[in-house]
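**Q** the following block contains a protein sequence and its predicted model.
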Amino acid sequence: MIAVESYVQGGWHRPDTGASILHAVTGDELATISSSGIDMAAAVAYGREVGGPALRDMTFHDRAAMLRNLGKLLLSNTDHLYELSTATGATRSDSWIDIEGGAGVLMTYASKGRRELPNAKVFIDGDTEGLSRDGSFLGVHIATPRRGVAVHINAFNFPCWGMLEKLAPTLLAGMPAIVKPASQTAFLTEVMVRDIIESGLLPEGSLQLISGSAGDLLSHLDGQDAVAFTGSADTARKLKAHPTIVDHSVRFNAEADSLNAAILGEAAGPGTAEFALFADEVVKEMTTKAGQKCTSIRRVIVPQEVAGAVEEAIAERLRSVRAGDPADKSTGMGPLASIAQRDEVKRAVAALSEVGEPVIDLCEFHDVDAERGAFMAPTLMRATDPRARAVHSVEAFGPVATVIGYEGTADAVELAALGEGSLVASVFTPDGDEAAALTLGIAAHHGRVHVVDERCGRSSTGHGSPLPQLVHGGPGRAGGGEELGGIRSVMHYMQRTAVQGSPDMLTAITGKWIEGSRRNDHGHPFKLHFEDLQIGDAVETPSRVITIEDIERFADLTGDYFYAHMDEEAAKASPIFDGRVAHGYFVVAAAAGLFVWPDPGPVLANYGLDNLRFATPTYPGAELKVYLTCKEKSLRSGAGYGEVRWDTQVVNQDDDVVAAYDVLTMVACRDTGPDT
Ligand code: NAP
């Protein structure tokens, strides 16, 4: 018998007694769970006072490296998790989504953090805003980690993934977490948390675990804390209205249940590839995790005239699903997580039966006592009234879906909207116009729309898989929240602050050179190693006159004979130019000729340009010079170099900006780079 423990204030808390958790397959008592005796106020204080400062002391890149190491650790040590996971009813492939899929989220955030966030402690959100005529007063938005704890309350269906998908953006943001998994499957979460804690990869206090009831945890939160909830709409409603959440404006995100739809387009009739893909996907969604996914397809919305053919295709596939013991590798569908959960699903099916009739609701279970375990046959219903309220509102959180007929695209869109907000809908059609009409028609009611045609049928990641790169969440019934979506969710755990001041002050605060700030002359900055280079180090180059011969030679060299460079009359006749102009690319190339330091030195390579704009035409006779300023530095730890972004302004003899852009370079560190 397992006593599920909690990890709080740096130690494991083992309850003497607790509520029973039954094995999903055998129905035997497996574990006990209780959070009694835990001082929730102290856990919150510990997260704030121990975990928070340690995380905030790290840069985004430090935290990304930590996530990467954690992901690698979890991926290298999974056997015990897979074995235990069968007790939740999960088959091998269900567990893969939960365990390795969860570790994969850490890896994705690690890589996004390294590529999309600076190696700094502050994130600059968007562009600088000019607030005065002379450029002496500006505004910028920054994001810094919230100074509280993130409380994660998770649903029972993904005990590992559910924790990790919230943990990755929280830790990357620099906020400590208190994880409260659903009691039914917390025994698996506990084992993974133990692996994480024992690895020593996370700073102490950055992860705590409450197994069992949340008790008075929420009462100790304040405006610096955040709650991310996943579970039923009923619980979400209750927690959102908690007096502490309301009184202190605690940031609250809800991922609740929803009746997700799959819509078969009229162009995807029987015999098309999309029709077969549709039937496959519905069956996959009904049977993966025995349909216990918040994203599972519940409503199968199909043209009325092919409803019979769709039912037949789905039923035929369901008949070949092997249901039984999840520990057997040939099993395609295991039991639900608990008998209580099965009872709840059966109640939901009874409600759906009042507005529909079963197409198929029988199956053979292999090598198990289906009554003692939480087994349930996949159940496909047919709605007798497509607009009946229950069809669009009763979530049977199991292997259950309902076929609903529609008459024309507008009707399909209306039917999808009757779900009052869902996490995801799929659209299957080979016709682009139909895909556009359906997608744009339903998008406002959905957090994600998954469009499938023959081309992506096999490469699609599937209707039911939330991806770390894309937002997960939906409006209305789905909770109105948003998770994942790459760096978007990191921002949920940070505070966005508008900061106003002079360019020099904003540069000092953000660590990034803001236009209008002082430029420093310490000699040519290309001669400085990464550590010696300061933000604001700059060079003002000598000037160069652009001649008609330059333009013609550049045209010959590149083959770019665009009229504006070669034909005086045509150029004059255009609404843009007063005569022949230099190629913009020549201006950029000539600028490089002015600012590069030719000898081998710390600048190893130029790997791109960002935000290139040609602001003023360059006519023959123009005299150009360049201001090149070190704008942003980001050390690539362990690589021997850092990335340096240079603000580049090419100006003419009247000081008009001709071209503006950022040059991106790799600059060697002192001990590894070549000597200057
Ligand atoms: P649930 O009963 O709402 O429970 C969700 C979580 O809330 C559990 O950890 C539960 O803890 C906790 N909880 C319940 N009452 C609480 C309270 N008063 N204070 C603090 N925490 C409380 O949902 P579930 O049965 O675990 O999950 C199934 C539902 O979740 C389905 O409806 C499904 O659609 C939805 N879901 C949604 C998503 C999504 O991303 N949108 C993902 C998965 C599941 P205990 O277990 O200890 O009671």
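**A** Alright, I've got the coordinates. Numbering: from 1, shown residues only.

**Q** list the contacts for Pro378?
**A** Pro378 makes contacts with 283, 286-287, 291, 318, 321, 323, 333, 360-361, 363, 399-400, as judged by C-beta atoms under 8 Å, 6 or more residues apart in numbering. Just so you know, the C-beta spots here come from the backbone N, C-alpha and C atoms, and that holds for glycine as well.

**Q** wait, which of these is closest to Ile548?
**A** Ranked by distance to Ile548 (C-beta to C-beta), the contacts of Pro378 are led by Val283 at 70.2 Å.

**Q** how many residues are close by the closest one?
**A** 25 (other C-beta atoms under 10 Å).

**Q** which residue, other than its chain neighbours, is closest to it?
**A** Arg317 (4.3 Å; C-beta to C-beta, 6 or more residues apart in numbering).

**Q** doesn't the one you found lie inside a helix?
**A** Yes. Per DSSP: H, G, I helix; E, B strand; the rest coil, Arg317 lies within a helix segment.

**Q** ok, now which ones touch Leu277?
**A** Leu277 neighbours (C-beta under 8 Å, 6+ apart): 428, 452, 454, 457.

**Q** and these, which are buried?
**A** For these, a burial check counting by 16 or more other C-beta atoms under 10 Å picks out 428, 452, 457.

**Q** out of those residues, which sit inside strands?
**A** 428, 452 (DSSP state E).

**Q** return the member of the buried ones among the contacts of Leu277 nearest to the ligand.
**A** Val452 (21.4 Å; C-beta to the nearest ligand atom).

**Q** burial count for Arg68?
**A** Around Arg68 there are 18 residues (other C-beta under 10 Å).

**Q** hmm, it is touching Leu106, no?
**A** Yes. Arg68 is within contact range of Leu106, at 7.4 Å (criterion: C-beta atoms under 8 Å).

**Q** that older thread, just the ones of the contacts of Pro378 in strands?
**A** Using DSSP E, those in strands are 323, 360, 400.

**Q** list just the nearest of these to Glu483.
**A** Val400 (24.9 Å).

**Q** the closest one against Ala377, yeah?
**A** No. Val400 is not in contact with Ala377 according to C-beta under 8 Å; the separation is 9.8 Å.

**Q** more crowded one of those two?
**A** Val400 (26 against 20).

**Q** which SS class is the residue in the stretch 501-650 of the chain positioned nearest to the ligand?
**A** The stretch 501-650 of the chain approaches the ligand most closely through Ser634 (33.7 Å), counting by C-beta to the nearest ligand atom. The three-state assignment at Ser634 reads strand, by three-state DSSP.

**Q** where does the protein come near the ligand, residue by residue?
**A** 153-157, 180, 182-184, 213-214, 230-232, 235, 238-239, 255-257, 294, 395, 397, 423, 479 (C-beta under 6 Å from any ligand atom).

**Q** now a ChimeraX select for only the buried ones of the residues you listed.
**A** For the buried members of the residues of the chain next to the ligand, the matching ChimeraX selection, counting by 16+ other C-beta under 10 Å, is:
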select :153,154,155,156,157,180,182,183,184,213,214,230,231,232,235,239,255,256,257,294,395,397,423,479
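
**Q** the residues of the chain next to the ligand in helices, which ones?
**A** 235, 238-239 (DSSP state H).
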